[in-house]
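Colleague: next one to model:
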Amino acid sequence: MVRFLRPLSRGMTYTRLLHLWVPMLLQSVWMLVDESKPWVPALLLVPVGLAPAVRLGEGVQARMLLTPGVEDPGISAKPSASWRDRGRTVVWLELRMLLGWVTAFFSVWMPIAAYELARCAWVRAPADVPLLDLLPPAREWALLAPVPLLALYWSVVGLGGLITGCARLLLGPSAAERVAALEERTERLLERTRIARELHDSIGHALTVAVVQAGAARAAGDPEFTERALLAIEETGRAALDDLERVLGVLRESRRPLSARPTLADADRLLESARTSGAKVDAEVTGPVAAVPGPVSREGYRILQEALTNVLRHAGAVPVRVRVSVAGDRLVLEVRSPLPAVPPAPGRGSGLRGMRERAALLGGDVRTGPDEGDWEVRAELPLG
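Modeller: Numbering: from 1, shown residues only. Sure, this is the predicted structure:
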């Protein structure tokens, strides 16, 4: 019994009832104008529903009254974008008017019917109530007095649930809106993957530089070299903190666009960081690198960063050849360094896999491995 009556204690039940009553305001005004033609308001709803903005207004109203507090109600709050949306809006308005009539009838007449049945049970004839005025007084009518109240309960709770389901069906997202929402969700997932990669690349690079510089400074025992090493650690740490703050800002605000990510135009920062770590970097850039599209340039920067980080981590301060070229419709990145005398132990990181995944997202590829006595990382990314 408590479960049966629980919907009556929820505010949503009564906001839905209010939503069902709203169309009756228009009907009531019209009845004062011409009581002989009650169907005219329903006819006027057809051209009204064809206006694109009406779907927006109905969606906002349905969200506020039918699903208050629900994060994803499944009801669109956008104007009609197609004739199919306009048709669904017209059907929705007509259905809302019909259910409003039913709700108004039950809300007014069911309490009266219950009251008059109780009067009949006490051998008192009902007054001016259709159908009930034909009933003879008898105490047995008391058994039927709860029936109108059950019908009233159904009109308040049941019709509220029915109109909510119809709103999701008729005012729900169109096919185009569902595709757009799916694309947005996919983009958010991809963005989070990019964030994870950026944290790995940026923080990993900074820690690698710091470890290499600290070890070299301790081994050198030269105050001037130690000062340069500390300066490199400071600059790399600051850059990593900037990256970390930006990425955490995106995580704190999921809808905030990820902007100001470094591109190949900032590659000098990477090369200088590697040089101050002791590596002898021979860099060559050919072609219009500044004209490389943003997504390709950003991913290229991260691939270059990871390649240099791996050199410092596994080979130390060794000569490194970096080639960045833009030719035709492709960006080519090549990083070569001597193979270490002792092969490094298998790492636990995901740097090589991350480089391949970055390239694959853009339709390119990354090749890594020994080549003529060197360790080579070669990435080719399409510019299209």
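
Colleague: for E94, which residues are in contact?
Modeller: Contacts were defined as CB atoms under 8 Å, 6 or more residues apart in numbering; by that measure E94 touches 42, 45-46. Yep, even glycine has a C-beta here, placed from its N, CA and C like the rest.

Colleague: correction: the previous question concerned D266.
Modeller: Neighbouring residues of D266 by CB under 8 Å, 6+ apart: Y301.

Colleague: neighbour-wise, which of the contacts of E94 leads?
Modeller: Counting neighbours by other CB atoms under 10 Å, L45 leads these with 21 neighbours.

Colleague: ok, how many other residues are close to the nearest residue to it once chain neighbours are set aside?
Modeller: Closest residue in space to L45, ignoring its immediate chain neighbours: L93 at 4.3 Å, by CB to CB, 6 or more residues apart in numbering. Here the number of neighbours of L93 (other CB under 10 Å) works out to 22.

Colleague: what strand or helix carries L93?
Modeller: Using DSSP states H and E, L93 falls within helix 83-121.

Colleague: now do that helix, average pLDDT.
Modeller: Per-region confidence: helix 83-121 scores 87 on mean pLDDT.

Colleague: pLDDT weak spots in this protein?
Modeller: Regions of the chain meeting the criterion pLDDT under 70 cover residues 1, 123-137, 183, 187-188, 190-191, 194-195, 197-198, 201-202, 243-260, 341-350.

Colleague: scan it for its longest helix.
Modeller: Ranked by residue count under DSSP state H, the longest helix found in the chain is helix 175-220.

Colleague: can you pull the buried residues of the strand or helix carrying S28?
Modeller: Using DSSP H and E, S28 sits in helix 11-33. Residues of helix 11-33 classed as buried under the neighbour-count rule (16 or more other CB atoms under 10 Å) are 12, 16-17, 19-20, 23-24, 27, 30.

Colleague: distance to E71 added to the residues you listed, as CSV?
Modeller: Shown next, in CSV, are these (distance: CB to CB, whole Å):
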residue, distance to E71
M12, 14
R16, 18
L17, 23
H19, 19
L20, 24
P23, 27
M24, 30
Q27, 34
W30, 38
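
Colleague: among the residues you listed, which two are most distant?
Modeller: Greatest spacing in those, by CB to CB: M12 and W30 (29.5 Å).

Colleague: and the contacts of stretch 6-13?
Modeller: Residues contacting stretch 6-13 (CB under 8 Å, 6+ apart): 66-69, 153, 156-157, 160.

Colleague: quick one: distance of that stretch to the chain centre.
Modeller: Here the centre of stretch 6-13 is set off from its chain's centre by 30 Å, with CA atoms, centre = their mean, to the nearest Å.

Colleague: span of it from start to end?
Modeller: End-to-end distance for stretch 6-13: 10 Å, by CA to CA, to the nearest Å.

Colleague: distance-wise, check the residue most central in space within the chain relative to L144.
Modeller: For the chain, R185 is the residue whose C-alpha lies nearest the centre (CA atoms, centre = their mean; 4.7 Å). From R185 over to L144 the distance is 54 Å, taken as CB to CB, to the nearest Å.

Colleague: can you check L352 too?
Modeller: Applying CB to CB to L352 and L144 gives a distance of 80 Å.

Colleague: with V324 instead?
Modeller: V324 is 88 Å from L144, by CB to CB.

Colleague: and these two? which has more neighbours close in?
Modeller: Applying other CB under 10 Å to V324 and L144 shows that V324 carries more neighbours, namely 21 against 15.

Colleague: apart from its neighbours in sequence, what residue is nearest that one?
Modeller: The shortest distance from V324 to any residue other than its chain neighbours is 4.7 Å, reached at V285 (CB to CB, 6+ apart).

Colleague: you'd agree that neighbour is in a helix?
Modeller: No: under the criterion used here (DSSP: H, G, I helix; E, B strand; the rest coil), V285 is strand, not part of a helix.

Colleague: thought it was touching L333?
Modeller: No: taking CB atoms under 8 Å as the definition, V285 is not a contact partner of L333, at 10.4 Å.

Colleague: roughly how far does the spatially closest residue to W30 that is not a sequence neighbour sit from L20?
Modeller: In space, and not counting its chain neighbours, W30 is closest to P41: 5.0 Å by CB to CB, 6+ apart. Applying CB to CB, the value for P41 to L20 is 15 Å.

Colleague: can you say which of the contacts of stretch 6-13 are buried?
Modeller: Buried members of the contacts of stretch 6-13, counted by 16+ other CB under 10 Å: 66-67, 153, 156-157, 160.

Colleague: returning to what we had before: angle of the helix holding L93 against helix 175-220?
Modeller: Interaxial angle, helix 83-121 versus helix 175-220 (axes from the mean of the first three to the mean of the last three CA atoms, to 10 degrees): 110 degrees.
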